[in-house]
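**Q** Provided below are the primary sequence and the corresponding predicted coordinates.
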Amino acid sequence: MRKISNERRIAGVGIDTHNVDSGQDTSFTTNRLVLAQQGIVLENLTTLHQLPAKGSNLAIAILRLRGGSGSPVGVLALVP
């Protein structure tokens with residue numbers, strides 16, 4: 001993950017399920033790797049298959065919560 005994120009300038013990961021780590025991974029490996037690099041993890045996204053392989057930008061509207069470990073967001077894909 002580190003090598004790929006450095007080569008491709010990945011700011012985070014997004015997935016269409018409720019967790020980027022498998023159900024058996026109790027150490028949350030992917031979450032920890034992404035967050036250690038100050039990346040973002042987006043879960044429960046829909047219609048990802050409609051995005052082009054590259055060239056899209058995301059507008060992410062967060063709900064700022066105090067003392068939490070995550071937040072609901074609104075995500076808008078801007079496709080060229």
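**A** The structure has been received and is ready for your questions.
**Q** contacting residues for Gln50?
**A** Shown in contact with Gln50 (Cβ atoms under 8 Å, 6 or more residues apart in numbering): no residues. For every residue, glycine as well, the C-beta is placed using N, CA and C.
**Q** what's it sitting at in phi/psi?
**A** phi -80, psi -10 (degrees, to the nearest 10).
**Q** and it, what pLDDT?
**A** pLDDT recorded at Gln50 is 91.
**Q** what about Gly74, which SS state?
**A** strand (DSSP: H, G, I helix; E, B strand; the rest coil).
**Q** ok, the residue nearest to it when sequence neighbours are not counted - how many residues close by?
**A** Nearest residue to Gly74, sequence neighbours excluded (Cβ to Cβ, 6 or more residues apart in numbering): Ala61, at 4.2 Å. Neighbour count of Ala61, defined by other Cβ atoms under 10 Å: 9.
**Q** pretty sure Ala61 sits against Ser71.
**A** No: Ala61 is not in contact with Ser71 according to Cβ atoms under 8 Å; the separation is 10.1 Å.
**Q** residues in contact with the residue nearest to Gly74?
**A** Residues in contact with Ala61 (Cβ under 8 Å, 6+ apart) are Val73, Gly74, Val75, Leu76.
**Q** for this protein, which segments are assigned as helices?
**A** Here the chain has its helices, by DSSP state H, at 2-8, 29-36.
**Q** low-confidence regions, the protein specifically.
**A** 1-8 (pLDDT under 70).
**Q** just so I have it, where are all the strands in it?
**A** For the chain, the strands defined by DSSP state E cover 12-14, 40-42, 57-62, 73-78.
**Q** same list, these, but as JSON lines with distance to Asn31 please.
**A** Below are the strands of the chain laid out as JSON lines (distance: least, Cβ to Cβ, whole Å):
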{"stretch": "strand 12-14", "distance to Asn31": "9"}
{"stretch": "strand 40-42", "distance to Asn31": "6"}
{"stretch": "strand 57-62", "distance to Asn31": "17"}
{"stretch": "strand 73-78", "distance to Asn31": "16"}
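**Q** do you know which of those strands lies nearest Thr26?
**A** strand 40-42 (16.7 Å; Cβ to Cβ).
**Q** brilliant, that's me finished.
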